[in-house]
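Trainee: sequence plus the predicted model coming up.
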Amino acid sequence: MQGLNLVFGMNVNEFNKKHGLVICGLNHGVGVYEDPDNVNAEFIKKVSEEEQSYYFATIPFRFQRRITGWFGLWDCALESEEEKMGAFEKSLININWVDTKSKNFDDELIEHKDNFLQYIEVLEPKLLFFFGIDMLRALNDERIKPYVENFLGKAKNEPNYITKPFEGKSFRVGFQSFEKCEVVAFPHPTGTIGLSDEYIALFKDDIKPLIENYRKFKGV
C-alpha cells in the first residue's frame, strides 16, 4: 500500500486488504486542526511497520460518525470502540477518490481517476460504497469504466437510481452490480443539505441484503 495517498480511516489489516467493504469519500475529510500530510505520514509509517489497526477506531470526524449511524439504521450496526470491534468492522476500509481538499469537483473525478483506480487495483473490493452520488456517474464514464472492469469484473447492468417516497426531502441512491463487486452510491453524508437519517433508513431493505451477502462471502 505504500505510495498510495493514505489518509485517516485507511487502516490496513488482514480483513480489509483484499475483497473488503470499501467506503469511498470524495476527498480528504481531516479535522479542522489536522494537517493531512502529517496524517498520511503517520499511517504510512504504521503500514511499513505492519502495525494493524482498524476502520474508524475513534470516529473523530462527522463524516464517519454519520456513516456509522447509517449502518445501524440498516440493522447492520458497527462497533465504534476498538476493543469491541470484530472481523466485520475490521473488514471495512476508507479511501478518497480525489487526493486534494478542493471543493470544486467539476471534472475533478475524471482528472483524479488514477488515484481512485490505484486503490481499486490494490483492494479489489467486494462491496463498494460511494458517499457522493456523482462518483457512480464517474465510475461509468468511458474514460474510467474499462479500467475499473479489470478489477471489479464486467458490469452486469447500468446504474439503477432509486428514490423513496418521503414526506421530507428525498434523494437518489444508486446501485450497480459488477461480476466481482456490488456498488452503492449515496448522497454525501455531511455535504447534502436536507438529507435526513429517516430517509436513509428507508433503504434498509436494499442495503441490508448486500451487507449480509458480503459478510457471508468474507466469513465475518
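Mentor: Ah, there it is.

Trainee: isn't Lys18 right next to Leu123, touching?
Mentor: Yes. Using Cβ atoms under 8 Å, Lys18 is in contact with Leu123, at 6.6 Å. Backbone N, C-alpha and C define where each C-beta goes, glycine included.

Trainee: more neighbours: those two, which one.
Mentor: Leu123 (23 against 11; other Cβ atoms under 10 Å).

Trainee: give me the buried positions along the one helix or strand Gln64 maps to.
Mentor: Using DSSP states H and E, the element containing Gln64 is helix 62-73. Under the neighbour-count criterion of 16 or more other Cβ atoms under 10 Å, helix 62-73 has Phe63, Gln64, Arg66, Ile67, Thr68, Gly69, Trp70, Phe71, Leu73 buried.

Trainee: now do the same for the closest residue to the fourth one other than its chain neighbours: helix, strand or coil?
Mentor: For Ile67, ignoring the flanking residues on the chain, the nearest one in space by Cβ to Cβ, 6 or more residues apart in numbering is Pro189 at 5.7 Å. The three-state label given to Pro189 by DSSP: H, G, I helix; E, B strand; the rest coil is coil.

Trainee: distance of Pro189 from Asp141?
Mentor: 23 Å (Cβ to Cβ, to the nearest Å).

Trainee: and the top helix by length along the chain, what does it pack against?
Mentor: Secondary structure of the chain per DSSP state H: the longest helix is helix 204-218. Helices and strands touching helix 204-218, by 3 or more Cβ pairs under 8 Å, 6 or more residues apart in numbering; DSSP states H and E, are helix 87-90, strand 127-131, strand 182-186.

Trainee: need the pLDDT of the residue of the chain most remote from its centre.
Mentor: Seen from the C-alpha centroid of the chain, the residue lying at the greatest distance (Cα atoms, centre = their mean) is Glu167, 27.9 Å away. Note for Glu167: predicted pLDDT of 93.

Trainee: likewise for Gly9?
Mentor: The score at Gly9 is 50. That number is its pLDDT.

Trainee: likewise for Leu73?
Mentor: Predicted confidence (pLDDT) for Leu73: 97.

Trainee: now do the contacts for it.
Mentor: Leu73 makes contact with Asp197, Ile200, Ala201, Lys204, according to Cβ atoms under 8 Å, 6 or more residues apart in numbering.
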